[in-house]
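> Got a predicted structure here, sequence first:
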Amino acid sequence: MTSSSLSPITTKCLYSETFIPYYPAMQKTARRSRPAARPPGRPREFDMDIALDRAVRVFRERGYHATSIGDLTAAMRLATGSIYKAFRDKHAVFLAAFERYAALRQGQTRSAAARGANGRERIRHVLLSYVEHSRGSEGRRGCLVVGSAVELAAVDPVVGARVKAQLESNESFIAGLIREGQADGSIPRHVAAEDTARLMICITQGLRVVGKARVPLEAERLVGVAMKLLA
C-alpha cells in the first residue's frame, strides 16, 4: 500500500479553523460494527398450556374471588408484568383457564365414553369417570364449571354464558349416547333422551359438589342407581 493511500482527507470544521483528519476506511469500519437490528416482537418465554393448567388448579381450589394476582404469579411461576402482558387482568386469566379446563374435561369424558361397546355402556363409563374425578384429592379441588356456576354465573354474564354453554354441551353429549343406545338396542325406546340427559347432568354436577365437600363416594353403587334411569 502506498503512502498516498494512507493520507488523510482534511475537512474544515464549521466552527473553527481547525482541520480534522478523516479516513474513508474509518467509515467502512463503523458501518460493519453496527449491531444488527432486532426483529420486531419477542417470542413468548413460557408455555401457555402449562401456565394455564397451574392457574386452573388455583381457581379450582380457591375460587375466583379468593384468588389474587399474587396467588397466580406464584402458581403460574410468572412475573406480574408477564401475566398482565399476556392476559390483561385476572378476569382474562380466569376465562382462559376456564376454556383450558373445559377442553381437557371434555376430552376425558369422551375418552371414558369410548371404552363402552354400546350406548348404554358408554354412559356407564361416563358416570364412572365423573365419580372418579369427584373422589380423593382431585375431588377436593372441585370442578371449575360447577364452581363458576355457583360463584360467578349470576353476576358475571360472560362467565355465565360459558358455564351455560358447557353444561349444554355435556347434556347434548349424553343425550346423543342415549339415542345411540336406543338405536343399538341397549336402551329402551321409551326413555326420554333429552330429559334423562338433563337429569344425569344434575347427577354428575352434584357429584362434583359432594366430592368438594369430601363426602365418600362409592362408584359402582352410585352408578348402578343412576343407570336405572335407562331401564
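Yep, it's here.

> Show me the helices in this protein, by range?
Counting by DSSP state H, the chain forms helices over residues 24-33, 48-62, 69-76, 80-87, 90-113, 119-133, 136-141, 144-151, 157-184, 193-212, 219-227, given from the N-terminal end onward.

> Can you report how many residues neighbour the closest residue to A231 other than its chain neighbours?
The spatially closest residue to A231, leaving aside those adjacent along the chain, is P188, at 7.1 Å (C-beta to C-beta, 6 or more residues apart in numbering). Every residue, glycine included, has its C-beta placed from N, CA and C. Using other C-beta atoms under 10 Å, P188 is surrounded by 11 other residues.

> State the distance from P188 to V58.
Between P188 and V58 the distance is 45 Å, computed by C-beta to C-beta, to the nearest Å.

> before we move on, what about G181?
In terms of C-beta to C-beta, G181 sits 39 Å off from V58.

> same question, L229
With distances defined as C-beta to C-beta, the gap from L229 to V58 amounts to 36 Å.

> dump the residue contacts of the residue most central in space within the chain.
Among the residues of the chain, the smallest C-alpha distance to the mean C-alpha position (C-alpha atoms, centre = their mean) belongs to R100, namely 2.2 Å. If a contact means C-beta atoms under 8 Å, 6 or more residues apart in numbering, then R100 has 49, 52-53, 56 as its contacts.

> among those residues, which ones are buried?
A residue is treated as buried here by neighbour count (16 or more other C-beta atoms under 10 Å); on that basis the buried members of the contacts of R100 are 52-53, 56.

> would you list those residues in CSV and tack on pLDDT and distance to G63?
Putting those into CSV (pLDDT from 0 to 100; distance: C-beta to C-beta, whole Å) gives the following:
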residue, pLDDT, distance to G63
L52, 97, 17
D53, 97, 17
V56, 98, 12
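
> Run a quick neighbour tally on the closest residue to R179 other than its chain neighbours.
Distances taken as C-beta to C-beta, 6+ apart place A193 nearest to R179, at 5.2 Å, with adjacent residues excluded. Here the neighbour count serves as a burial measure; for A193 (other C-beta under 10 Å) it reads 18.
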